[in-house]
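Participant: Output the structure for:
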Amino acid sequence: MKKIIEETEQYTFFIDYFKGNPIRFIYDKQRDELRIHGDDMFKALGYSGLFDFLGSDEGLDAISKMKKEDPNFELFGDNGIFQDLKLK
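Facilitator: Sure, this is the predicted structure:
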């Protein structure tokens, strides 16, 4: 069940649940873009967080696969899939 935490002109911050685990999201209204909090997602999948997943065999395999499919793929930074979203 989705619960809105805060709403501004540009963003909607909310929490939803996966198998009982809270996962924070941010919706950017101007970009029509939804982002997920990586640590929350990976904790729900049984890891201690994002960096625990990235250091696992499964995480390293996923990174390798993405790099093969797109050599310009970025994990972090302004264009990366993992960004500091400053979620509430």
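
Participant: wait, what's in contact with the closest residue to residue 21 other than its chain neighbours?
Facilitator: Ranked by CB to CB, 6 or more residues apart in numbering and with sequence neighbours excluded, the top spatial neighbour of residue 21 is residue 44, at 3.7 Å. For every residue, glycine as well, the C-beta is placed using N, CA and C. By CB atoms under 8 Å, 6 or more residues apart in numbering, residue 44 lies in contact with 18-19, 21, 23.

Participant: next structured bit after the lowest-mean-pLDDT helix or strand in the chain?
Facilitator: Every helix and strand of the chain was ranked by mean pLDDT, DSSP states H and E. The lowest is helix 50-54, at a mean of 85. Later in the chain than helix 50-54, the nearest helix or strand by DSSP states H and E is helix 57-69.

Participant: Point out the other helices and strands that that next one packs with.
Facilitator: Identification of packing neighbours for helix 57-69 by 3 or more CB pairs under 8 Å, 6 or more residues apart in numbering; DSSP states H and E yields helix 50-54.

Participant: Mind listing residues that contact the helix it packs on?
Facilitator: Contact with helix 50-54 is made by 38-39, 42, 45, 47, 59-60, 63, 75, 82, as judged by CB under 8 Å, 6+ apart.

Participant: again, only this time at 7 Å
Facilitator: Contact partners of helix 50-54, identified using CB atoms under 7 Å, 6 or more residues apart in numbering, comprise 38-39, 42, 47, 59, 82.

Participant: what's the span of stretch 43-62 from first residue to last?
Facilitator: From its first residue to its last, stretch 43-62 covers 17 Å (CA to CA, to the nearest Å).

Participant: Could you do stretch 16-34 as well?
Facilitator: End-to-end distance of stretch 16-34: 13 Å, with CA to CA as the criterion.

Participant: For the residue nearest to residue 40 when sequence neighbours are not counted, list each beta-bridge partner.
Facilitator: Using CB to CB, 6+ apart and skipping residues adjacent in sequence, the residue nearest residue 40 is residue 23, 4.2 Å away. Residue 23 has these beta-bridge partners by DSSP bridges: residue 16.
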